[in-house]
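Visitor: build me a structure from this.
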Amino acid sequence: AWIAFAYDGAPLPAEHGGPARLLVPHLYFWKSAKWIAGLRILDRDEPGFWEQNGYHARGNPWEEQRYSGD
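Guide: Take a look at the predicted model:
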């Protein structure tokens with residue numbers, strides 16, 4: 001995962017998630033938050049918003065893991 005602060009040498013604008021945006025390039029983009037409100041580092045896996053609402057924990061697009069039963 002990446003946290004982007006700039007694009008093409010300029011600060012990331014608010015309409016594109018600035019000042020910082022999360023990118024998880026190998027997963028479905030619903031796994032990439034446009035606006036980051038906070039960041040917690042955990043020593044275990046914990047379901048996030050999408051996982052609590054029925055989406056797959058990994059969300060690998062190449063394996064078509066969209067929903068929790070996929």
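Visitor: next one, pLDDT for residue 30 please.
Guide: Residue 30 is assigned a predicted lDDT (pLDDT) of 68.
Visitor: farthest residue from the center of the protein?
Guide: residue 9 (22.2 Å; Cα atoms, centre = their mean).
Visitor: quick one: that one and residue 22, what's the gap?
Guide: From residue 9 across to residue 22, the span is 20 Å (Cβ to Cβ, to the nearest Å). To be clear about C-beta, it is placed using only N, CA and C from the backbone, and glycine gets the same treatment.
Visitor: per-residue pLDDT of the residue farthest from the centre of the chain, please?
Guide: The pLDDT attached to residue 9 in the predicted structure is 95.
Visitor: need the contact list for the spatially most central residue of the chain.
Guide: Residue closest to the mean C-alpha point of the chain, counted by Cα atoms, centre = their mean, is residue 32 at 2.1 Å. Residues counted as contacts of residue 32 (Cβ atoms under 8 Å, 6 or more residues apart in numbering) are 21-25.
Visitor: at 10 Å what do you get?
Guide: 1-2, 4, 17, 21-25, 59 (Cβ atoms under 10 Å, 6 or more residues apart in numbering).
Visitor: again, but for residue 24
Guide: Going by Cβ under 10 Å, 6+ apart, residue 24 touches 1-2, 30-33, 59.
Visitor: list only buried entries from those residues.
Guide: Judged by neighbour count, with 16 or more other Cβ atoms under 10 Å as the criterion, the buried members of these are 31-33, 59.
Visitor: that older thread, as CSV, the contacts of residue 24 with distance to residue 50 and secondary structure would be great.
Guide: As requested, the contacts of residue 24 are arranged in CSV below (distance: Cβ to Cβ, whole Å; DSSP: H, G, I helix; E, B strand; the rest coil):
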residue, distance to residue 50, secondary structure
1, 15, coil
2, 19, strand
30, 6, helix
31, 7, helix
32, 11, coil
33, 10, coil
59, 8, coil
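Visitor: and which of those residues is nearest residue 67?
Guide: Ranked by distance to residue 67 (Cβ to Cβ), those are led by residue 59 at 9.4 Å.
Visitor: what sits against that closest one?
Guide: By Cβ under 10 Å, 6+ apart, the contact list for residue 59 reads 24, 26-32, 50-51, 65-67, 70.
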